[in-house]
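Trainee: sequence and computational prediction follow.
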Amino acid sequence: MRHDPQMAQLPPERIAIDGALLRRERLGDEVLIAPTVRANLEHLRPWMPWATAANASRAAQRRRLEQCERAWKDDGDYTFLLLDPEGVTLLGIVGLHRRIGPGAIELGYWLSRDAVGKGLATAAARALTTAALNLPDVDRVEIHCDEANSRSRKIPERLGYRLDRIEEDGVQAPGEVGRAMIWVYPA
């Protein structure tokens, strides 16, 4: 589905949350993202198929950010850096993606190893769930995670998402069992 930028309201580009800041990704952010991805490859690799040495380079992240810039304007995909409250240290990335059909948007996230267990992913997902539901063409938000990813699945549980279904989707990363849990909000 193609997003109509003429008709849509956009999410805020900055959202303060407890203990962190969400800020729209921009060209130039590769200087924060590449070293964070590189330092967290072993942490991310079990769940993120893109977590490779090649994608941990500034050049690869710059190419991705160029796509993110276009997607924000044209496709209605919105990605945010999760930063410390001062906006200096990258803690992860959170995004809203229009890849699941009309009226819906998928919320995805990853955190650096040092940010895990502090409630930041839950706070970021809560804020972006609200932002997504404020978009005029979004009626539901989904979080997809592999059944084996116990940390990731706790976030939709905490936020009152409902487990809608489990789908076979094949193993994409080493930690996965190939069964995607589809969580839906509003429940």
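Mentor: Right, received. Where do you want to start?
Trainee: using the three-state scheme, assign residue 174.
Mentor: coil (DSSP: H, G, I helix; E, B strand; the rest coil).
Trainee: tally of neighbours for it?
Mentor: Neighbours of residue 174 under the rule other C-beta atoms under 10 Å: 10. The C-beta positions use only the backbone N, C-alpha and C, and glycine is treated the same way.
Trainee: how far away is the residue lying closest to it once chain neighbours are set aside from residue 19?
Mentor: Leaving out its chain neighbours, the residue that sits closest to residue 174 by C-beta to C-beta, 6 or more residues apart in numbering is residue 46, at 5.4 Å. Here residue 46 is placed at a distance of 25 Å from residue 19 (C-beta to C-beta, to the nearest Å).
Trainee: in this protein, where's the longest helix?
Mentor: In the chain, with assignment by DSSP state H, the single longest helix is helix 58-74.
Trainee: residue ranges with poor pLDDT in this protein?
Mentor: Along the chain, the parts satisfying pLDDT under 70 run over 1-8.
Trainee: quick one: the strands in it, in order.
Mentor: With strands called from DSSP state E, the chain shows them at 14-17, 20-24, 78-83, 90-97, 104-111, 140-146, 162-168, 179-185.
Trainee: tell me what angle the fifth one forms with strand 90-97.
Mentor: Orientation check (axes from the mean of the first three to the mean of the last three C-alpha atoms, to 10 degrees): strand 104-111 against strand 90-97 gives 170 degrees.
Trainee: strand partners of strand 104-111, parallel vs antiparallel please.
Mentor: Sheet pairing for strand 104-111, assigned by DSSP bridges, gives strand 90-97 (antiparallel), strand 140-146 (parallel).
Trainee: and those: which comes nearest residue 75?
Mentor: Closest to residue 75 of the strands paired with strand 104-111, according to C-beta to C-beta: strand 90-97, at 9.0 Å.
Trainee: what residues does that closest one touch?
Mentor: Among residues not part of strand 90-97, those counted as contacts by C-beta atoms under 8 Å, 6 or more residues apart in numbering are 11, 20, 22, 25, 32-33, 36, 76-84, 105-112, 114-115, 120-121, 124-125, 128, 131-132, 141.
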